[in-house]
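Participant: After the sequence you'll find the predicted model.
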Amino acid sequence: GRQQPFAPGDPSVSLDKKALSILASGRPFQTTIHIPGSTSGRGLVVQEVHAPPDVVWDRILDFNSYADMVPRTFECKNYDVQKHKATKLDPLEQTIYTKFKV
């Protein structure tokens, strides 16, 4: 089905003792967030990463490699990338539209 467009922002998730224990062991914590009033949800993964921010963002934005990096992701392709001029009020530089098969 079709998802509603992503609304950026804090997912307001607090980590319980089990989640913190998983992170302390060096593994990522994964959960789903139900969207009230809908039958859909969002995936959330929290992981401590010991790397510079530019390296982390390069990996996060490498959607075409997600099928090789993310379990249960079979295909991931960008179908549109819209460039924006960043400003102080809106630092967004681009919007990436991606189709996932999971």
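Facilitator: Everything's here; your move.
Participant: after the lowest-mean-pLDDT helix or strand in the chain comes which helix or strand?
Facilitator: Here the helix or strand of the chain ranked lowest by mean pLDDT, DSSP states H and E is strand 41-46, holding a mean of 82. Next in sequence after strand 41-46, counting helices and strands by DSSP states H and E, comes helix 53-60.
Participant: got the contact list for that next one?
Facilitator: Residues outside helix 53-60 that contact it (C-beta atoms under 8 Å, 6 or more residues apart in numbering): Val49, Met69. Using the backbone N, CA and C atoms, a C-beta is placed for each residue, glycine as well.
Participant: That one - what's its average pLDDT?
Facilitator: Helix 53-60 carries an average pLDDT of 88.
Participant: residues making contact with stretch 88-102?
Facilitator: Residues lying outside stretch 88-102 but in contact with it, judged by C-beta under 8 Å, 6+ apart, are 61, 63, 66, 72-86.
Participant: can we see that at 7 Å?
Facilitator: Residues from elsewhere that reach stretch 88-102, judged by C-beta atoms under 7 Å, 6 or more residues apart in numbering: 63, 72-84, 86.
Participant: Next step: those restricted to strands.
Facilitator: Glu75, Cys76, Lys77, Asn78, Tyr79, Asp80, Val81, Gln82, Lys83 (DSSP state E).
Participant: Narrow those residues to just the buried residues.
Facilitator: Cys76 (16 or more other C-beta atoms under 10 Å).
Participant: closest to Ser40 among the ones in strands among the contacts of stretch 88-102?
Facilitator: Cys76 (18.1 Å; C-beta to C-beta).
Participant: Surely the closest one and Leu61 touch.
Facilitator: No. Cys76 is not in contact with Leu61 according to C-beta atoms under 7 Å; the separation is 11.5 Å.
Participant: in the chain, which ranges drop under the pLDDT threshold?
Facilitator: 1-12 (pLDDT under 70).
Participant: now with 80?
Facilitator: The model of the chain has pLDDT under 80 over residues 1-13, 34-36, 38-42, 89-92.
Participant: now Val46: how far from Ile60?
Facilitator: From Val46 across to Ile60, the span is 13 Å (C-beta to C-beta, to the nearest Å).
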